[in-house]
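In: 3D, please:
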Amino acid sequence: FSSIPDGHRLLEGIPQHQACMRGHAWQWGTVRFEYLHPGPEFPPGAARSPTNARSCVLKIDAPAGSVLLAGDIEARQELDLIERHASRLQSDLLLAPHHGSNTSSTEPFLKAVAPRAALFQVGYRNRYHHPKREVVQRYQDRGILPLRTDQSGAIHIGVGDEINFTTDRCERQRYWSSEPCKRNE
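Out: Predicted structure coming up:
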């Protein structure tokens, strides 16, 4: 599944490609998956950044909790999600939209999702300087635990009776690392 348009050269040689589409859902055991975005219409606000605006947004619900994978959506698509799915956005874990850029993670979106933790998937010293300091602060002001791959290395998410997080920095501490690891808080 992807949001790459049919006929794009990146899809050459991929025989089973399907477009992610709002409303497409499936069940795997006790886990439910559903795409909430994009829809068949051109995404609102997509003229500025069409690739980001078409990002697949996947909601995963399991008995232990829920996860919202928000892709690279920006503020206008966050608003669209709130307008269409406000009651279904709440999730225990949020993959921070657009890596924590200043074009996403709006207050209304964070209020609607109300995650316990947010995963910022970013590279160390990335050229975009993601996540932005003010965006991380927005999460912290709401009591949302920020988990950052640039600071913690790999982040392992375990789903059992509840959702747990461990990081390589905590599990494989090195004597030369002066920063303390961040555990579930």
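In: okay, the worst-scoring helix or strand of the chain on mean pLDDT in PDB with CA atoms only?
Out: For the chain, using mean pLDDT, DSSP states H and E, the weakest element among its helices and strands is helix 168-171, scoring a mean of 74. Extracted in PDB, the C-alpha atoms of helix 168-171 (Å, rounded to 0.1, in the frame of the first residue of the first chain):
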ATOM      1  CA  ASP A 168      18.400   0.800  22.300                       C
ATOM      2  CA  ARG A 169      20.000   3.600  24.400                       C
ATOM      3  CA  CYS A 170      18.400   2.100  27.600                       C
ATOM      4  CA  GLU A 171      18.900  -1.500  26.700                       C
END
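In: quick one, what contacts the spatially closest residue to P131 that is not a sequence neighbour?
Out: Closest residue to P131 apart from its sequence neighbours, by CB to CB, 6 or more residues apart in numbering: G100 at 2.3 Å. Where you see a C-beta, it was placed from the backbone N, CA and C, and this is true even at glycine. Applying CB atoms under 8 Å, 6 or more residues apart in numbering to G100 gives the contacts 120, 122, 130-132, 135-136.
In: biggest helix in the protein, by residue count?
Out: helix 75-85 (DSSP state H).
In: give me the residues contacting that helix.
Out: Under CB under 8 Å, 6+ apart, the answer for helix 75-85 is 22, 36-38, 43-45, 52-53, 55, 57, 70, 73, 89, 97, 103-106, 108-109, 112.
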